[in-house]
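>>> Please find the sequence and the predicted model below.
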2 protein chains.
Amino acid sequence: MRNEPARLRFEIVARDGDARAGILHTPHGTIETPCFVPLATRGSVKGLLPDEVSEMGYEMVLGNTYHLMLAPGGERIAEFGGLHEFMGWDRPIITDSGGFQVFSLAHGSVADEVKGRRGRPPLEGGVLSIGEEGVRFRSYVDGSEQFLSPERSMEVQGQIGSDIALAFDECTPFHADRDYTARSTERTHRWLDRCLAWHADHGPAGQAVFGIVQGGTHEDLRRESSDAIASAGVDGIAIGGTLGKDKEQMREVVGMTVGMLPVEAPKHLLGIGEADDLVEGVAIGLDSFDCAVPTRLGRHGMALAPLPERRFRYDVRKSRNREETGPLVVGCPCVACTRHSRGYVHYLSKSEELTGVRLLTIHNLTYTRELMRGARAAIVTGGYGAYRDAILAGAPPWEAAD
Amino acid sequence: MRNEPARLRFEIVARDGDARAGILHTPHGTIETPCFVPLATRGSVKGLLPDEVSEMGYEMVLGNTYHLMLAPGGERIAEFGGLHEFMGWDRPIITDSGGFQVFSLAHGSVADEVKGRRGRPPLEGGVLSIGEEGVRFRSYVDGSEQFLSPERSMEVQGQIGSDIALAFDECTPFHADRDYTARSTERTHRWLDRCLAWHADHGPAGQAVFGIVQGGTHEDLRRESSDAIASAGVDGIAIGGTLGKDKEQMREVVGMTVGMLPVEAPKHLLGIGEADDLVEGVAIGLDSFDCAVPTRLGRHGMALAPLPERRFRYDVRKSRNREETGPLVVGCPCVACTRHSRGYVHYLSKSEELTGVRLLTIHNLTYTRELMRGARAAIVTGGYGAYRDAILAGAPPWEAAD
C-alpha cells in the first residue's frame, strides 16, 4: 500500500548535443535513461524470472494492456494487488493502452509495414467495430466480445497499477490515406482528453500518463498532434503510429516529431529496438524504447551481435556455428557468452531446447543493456557522437565507449 | 585434463533397514545417495542453466546417448572436450546406453505399458533391423541410417566422457512373451560382455560401467540376469526392462530383483521418479533414480505436491487455481513458491508462457530434491520407516522428517 506516492518526475542530468542522460522518478523507483524496456507482455519477460531481469540491469518492463485485460483480466490483477505484486516485480512498470493491438487486428501490424507488406486482412472474429466511443473486438482467448475505449483502457491500466500508463490511441497504418490519418489523429486527441479526464477522477495515485503523438508520415499532422499532446497536461510523450515504409522514413518521421516536442519532456519511442535505431534515437533526444526484438529474436535462434551489415544479428542455427568453441559474441559479459560456446547454443537452438531460448534471450537482453549503458556513459562524458559512430561501424558496446 | 582419475567407488555411510545412505565417488566429484538424477537428455535440463541445477542441490544429471549420438554426435562432443565441457556442467554425468530408446522405437515405450497401452506401431523409418550384432535404425534428426551396438554405444559414451556409462541392453517390452524375453535377456548378457571388453581396451580412464538387469517380470529370468550382471565385473547395477503392468507389479519385480543383487553394489532404478515410487525404492535399498517426471510434468502445467490420492501432483491450469494467492505448495522453498502465487503460475501456464514452464520445472525439481534430501536425513537418523509412511500419507518432505 502506497501513501500518495510522488507522480513521475524527469530529471535531465547530462546533455551531449540533443542526446541526454536522465533519471525518471516513479513510485516504484528510478530509471536511468536513455533506456531500453523489455516486454513483459503477459506479466513475464518470456523465460525469465523477475530477479533475472533486474540483475541484468533493467529497471522497467512493459506490460500489454490488451493481453492482460483478456487474461487474466484487470479485475483479477487488481485482486492480486496489481501487476507488480502479481508478477513479483517491484520496480517500475509501463503499460501500453491496448490501442496498438486492437488496431493491428483491423489494419495489420507495423511490422508488416516495415517489412513492406500491406495490412493483413482482419483476423476472423477480430475487430467488430471502430467508432468514436471505442473499439469492439473479439477476445482471442475465449471468443467473448470485448470493448476498449479511452475510459476502459485507463480503467484496466489502473487495475494493473502501472507507474506509467499510455493514453488510448489509434495506431494508423501506413496504407491509410491522408484524410483517414487526419480524422484518426484528431480522434486520438479527443481520446487523450477522455483518458486524462477519467484518470483525474479514478486513476491510481502516482500513476503517470503519457500521450501518444500520431499523424502518420505527414509533417503537418505530426505537428498538430505534437502540439495537442504537449498542451494536454501529460507526464510524458510517446511517439507512435506509422513511422513510414522503411528505416529511412522512420528516422525522418521520428526526427521531425521529436523536434516538435518540448525538450524537457520524457520521450518514449514505441516498438523500436534494433541497435542502429536505438543509437540514432538516443542521438535525437529520445529517452526510452520498448521492442520485442531482443526477446523475440532469441526465441527464433538469433543472437544480437556487432554486425551492422546484417542488422546487428546472426542466425545461431546456421551450420557454420556448429563447431565454434568461442562465445556468441567475444567480450559479451552474459552467461551464455562467458560460460557456454556458440556451438553449444547452436546445438540447443537447432534442437529447440528451452535452455537455448533462455541463453539467447539472456544474451540479447544483456547485449541491448550494454548498448544503452554505453550510450548513457558516453553522453555523460560528452563522447556520444563517437560512441554512436563506433556502434554503427560495428564496434561492440563495451568497446565503442573507449 | 584429468590424470588417471579414480574410478567409481561407492561408500555406504548409514543404514536403516534395507535403506542406506551412501556416497558415490566419481572423477567429477561425489554424489550423496539416495538421489534423484534429472534428465539432461540433449545436454541441458530443459529450460535451466547448469548452475541452477547444481544450486538446487543436484549433483548428477543423465545424458541420453541416443539423442546425443544423433545430434550433435559423439565426435562433435569429443571435439568440444566431452559433455561436461560442452554443456558447462562440471559435476558427475551418467549416460544411458541408447538401448531403451532404439527398442522403444520398435516395441513402444515403457510409459505406454504403465499407462496400459500396448506397444505403439514402430515409427516410420524407425528401427530397420535388430540382430545379435546390434540395431539398425533411422535418425529422427536427418533420416540417416544409424547403427547402435554394444561397442558403438560404449564408443559414444566414451566420446561423451560420462562418469558412469550404462551397458547396451534390450529393454524388453511387457507384451513380449517369455521366450522372447529369455532370448533377449541372454543376448543382453552377451552384449554386456562385449561392452566390458570394448571398454577395457578403449574406454576413457575413470569411466565406470553399470550393467542392466533384464528378465521382464519373470522371477527365474530376473535371477539369471542378476547373477550374470553381478558376476560380470561391473561398477554398479541398474534395473531396467519391463517392470510390469502397473505400479504394484513394478514394485514386486523391482523388490524381487534388488533382493537378488549384492548388497554393497550401487543400484540405479531406470526411468522411475514418482514420489511414492522413490520412497518405496529407497526403502528396499535402491540408491539412485532418473526420470522425466519432474521436468516433463512441469512442461505440461503440473505441479508436484503432497497429494498421494492424486499421484503427488495437480494440474495448475485448472480454473480452481485461478484466484489462489498462496503458493503452489505451502512450505516449499523454491522460488516459484516463495516469490510467486499459484494464481500467477496458473495464468502463465494457461498462457503457455515460457516463464511458467520454468517456474514449474524449478518447483518440481526442488520438490523432488527435498524428497530425497529428507529420505537421506531420515536414514541417517534411523527414522526412515516413519519418513516413508509420512510421505505416503501426504506429508510434504520438509515436514515428513519431523
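Perfect, thanks for sending it.
>>> Show me what stretch A:62-75 is in contact with.
Applying CB atoms under 8 Å, 6 or more residues apart in numbering or on different chains, the external contacts of stretch A:62-75 come out as A:37-43, A:77, A:83, A:87, A:93-98, A:100-102, A:139-142, A:146, A:148, A:153, A:155-160, A:162, A:290, B:322, B:343, B:347, B:350-351. (Each C-beta comes from the backbone N, C-alpha and C, glycine too.)
>>> typed the wrong thing, it's stretch A:247-260
Residues from elsewhere that reach stretch A:247-260, judged by CB under 8 Å, 6+ apart: A:18, A:114, A:213, A:215, A:217, A:219, A:222-223, A:226-227, A:239, A:243-244, A:267, A:269, A:272, A:276-277, A:280-281, A:284-286.
>>> try it again with 7 Å
A:213, A:217, A:219, A:222-223, A:226, A:239, A:243-244, A:267, A:269, A:280-281, A:284-286 (CB atoms under 7 Å, 6 or more residues apart in numbering or on different chains).
>>> and these, which are buried?
A:213, A:217, A:222-223, A:226, A:239, A:243-244, A:267, A:269, A:280-281, A:284-286 (16 or more other CB atoms under 10 Å in any protein chain shown).
>>> Can you narrow those residues down to the ones near chain B?
Counting by CB under 7 Å from any CB of the partner chain, nothing from these sits close to chain B.
>>> Can you tell me which of those residues lies closest to chain B?
Proximity of the buried ones among the contacts of stretch A:247-260 to chain B (CB to the nearest CB) peaks at A:L269, which lies at 25.9 Å.
>>> and that closest one, what does it touch?
A:I239, A:V254, A:G281, A:L286, A:F289.
>>> again with A:V135
Per CB under 7 Å, 6+ apart, neighbours of A:V135: A:V102, A:V127, A:L148.
>>> For the second one, list each beta-bridge partner.
Using DSSP bridges, the beta-bridge partners of A:V127 come out as A:F137.
>>> Which of the contacts of stretch A:62-75 fall within helices?
A:77, A:83, A:87, A:100-102, A:153, A:155-160, B:343, B:347, B:350 (DSSP state H).
>>> can you pick the most crowded of those?
When neighbours are counted by other CB atoms under 10 Å in any protein chain shown, A:Q157 leads the ones in helices among the contacts of stretch A:62-75 with 33 neighbours.
>>> one step back: turn the contacts of A:L269 into JSON lines, columns for pLDDT and secondary structure.
Formatted as JSON lines, the contacts of A:L269 follow (pLDDT from 0 to 100; DSSP: H, G, I helix; E, B strand; the rest coil):
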{"residue": "A:I239", "pLDDT": "97", "secondary structure": "strand"}
{"residue": "A:V254", "pLDDT": "96", "secondary structure": "helix"}
{"residue": "A:G281", "pLDDT": "98", "secondary structure": "helix"}
{"residue": "A:L286", "pLDDT": "98", "secondary structure": "coil"}
{"residue": "A:F289", "pLDDT": "98", "secondary structure": "strand"}
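>>> Return the member of these nearest to A:E370.
A:F289 (14.7 Å; CB to CB).
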